[in-house]
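A.B. asks: how would this look folded up:
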Amino acid sequence: MTLPTPELRTARLRLRPFADTDAAPLYALHSDAHVLRYWDSPPWTEQARGARFIATCRRIEEEGTGARLAVERLGDGAFIGWCALHSWNPDFRSASLTYVFEAPAWGRGYGTETAHAVLRWAFDTLDLNRVQAETDTRNTASARVLEKLGFVREGTLREDCVVDGDVSDSWVFGLLRREWRPAPGDR
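C.D. replies: Numbering: from 1, shown residues only. As a prediction, this is how the structure comes out:
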């Protein structure tokens, strides 16, 4: 079963399937050690990783296990990050949410705006009952984004990741369909 990657729009952003031309900005994003300081894998060191990531996006779509969306600003078309709905399980009506943005995009509401659009798609189109997200406990900005969206912190995974050589904990957040609050004008 495939899961076609949608194109979604918000007031300021376009979320779309990855294109081959995204390889260079994707590499720039994932090679930035500051951006990835809480990520569960080290920064990329080879340009080819961008193309491999995009090939994996297409495979995930074909397998029907999730969708990764490139995020670009509507005003100038600049690639600023990406968001994914992965580990999609149609039987359990659940999936997990992940996002990453370049540092200049932080603090501008793009993460919240992006995740909101993906959640609207998840609950309305995919008929999900639950979306889960995890964040390093040191990444309080990401935790705030999730809380603004209505996610509830459900627990802590102790020492579940090694980030840049440091063992770290992760918070697990969950959002249930009955807790989802669409923005005015969503429906």
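A.B. asks: let me see the ranges of the strands in this protein.
C.D. replies: Here the chain has its strands, by DSSP state E, at 8-9, 13-16, 67-73, 79-89, 94-101, 130-136, 152-163, 166-176.
A.B. asks: out of those, flag the one nearest Ala51.
C.D. replies: Closest of the strands of the chain to Ala51 is strand 67-73, at 13.8 Å (criterion: C-beta to C-beta). In short, each C-beta sits where N, CA and C put it, glycine included.
A.B. asks: what mean pLDDT does the closest one get?
C.D. replies: Strand 67-73 carries an average pLDDT of 97.
A.B. asks: need the contact partners of it.
C.D. replies: Outside strand 67-73, the residues within contact range by C-beta atoms under 8 Å, 6 or more residues apart in numbering are 3-6, 8, 12-19, 22, 26, 57, 60-61, 78-86, 88, 101, 110, 114, 118.
A.B. asks: filter those residues to the buried ones?
C.D. replies: Among these, those buried by neighbour count (16 or more other C-beta atoms under 10 Å) are 3, 5-6, 8, 13-18, 22, 26, 57, 60-61, 79-85, 88, 101, 110, 114, 118.
A.B. asks: one step back: need the strands of the chain in a markdown table (columns: distance to Ala48).
C.D. replies: A markdown table is the format used below for the strands of the chain (distance: least, C-beta to C-beta, whole Å):
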| stretch | distance to Ala48 |
| --- | --- |
| strand 8-9 | 29 |
| strand 13-16 | 22 |
| strand 67-73 | 18 |
| strand 79-89 | 18 |
| strand 94-101 | 19 |
| strand 130-136 | 27 |
| strand 152-163 | 23 |
| strand 166-176 | 27 |
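A.B. asks: what sits closest to Phe173 if chain neighbours are left out?
C.D. replies: Closest residue to Phe173 apart from its sequence neighbours, by C-beta to C-beta, 6 or more residues apart in numbering: Phe151 at 3.9 Å.
A.B. asks: re the thing from before, for Arg37, find the nearest of the strands of the chain.
C.D. replies: strand 152-163 (7.1 Å).
A.B. asks: tell me the strands beside that closest one, with direction?
C.D. replies: Using DSSP bridges, the strands paired with strand 152-163 in its sheet are strand 166-176 (antiparallel).
A.B. asks: what lies in contact with the strand it pairs with?
C.D. replies: Here strand 166-176 makes contact (C-beta under 8 Å, 6+ apart) with 38, 119, 129-138, 143, 146-147, 149-162.
A.B. asks: stretch 130-145 now?
C.D. replies: With contacts defined as C-beta under 8 Å, 6+ apart, stretch 130-145 is touched by 38, 85, 92-99, 106-107, 111-112, 115, 119, 122-123, 146, 151, 153, 156-157, 161, 163, 168-177.
A.B. asks: for the nearest residue to Ile54 once chain neighbours are set aside, what are its contacts?
C.D. replies: In this structure, Ile54 finds its nearest non-sequential neighbour in Phe18, 4.7 Å apart by C-beta to C-beta, 6+ apart. Applying C-beta under 8 Å, 6+ apart, we find Phe18 in contact with Thr5, Leu26, Phe53, Ile54, Cys57, Arg58, Arg68, Leu69, Ala70, Trp82.
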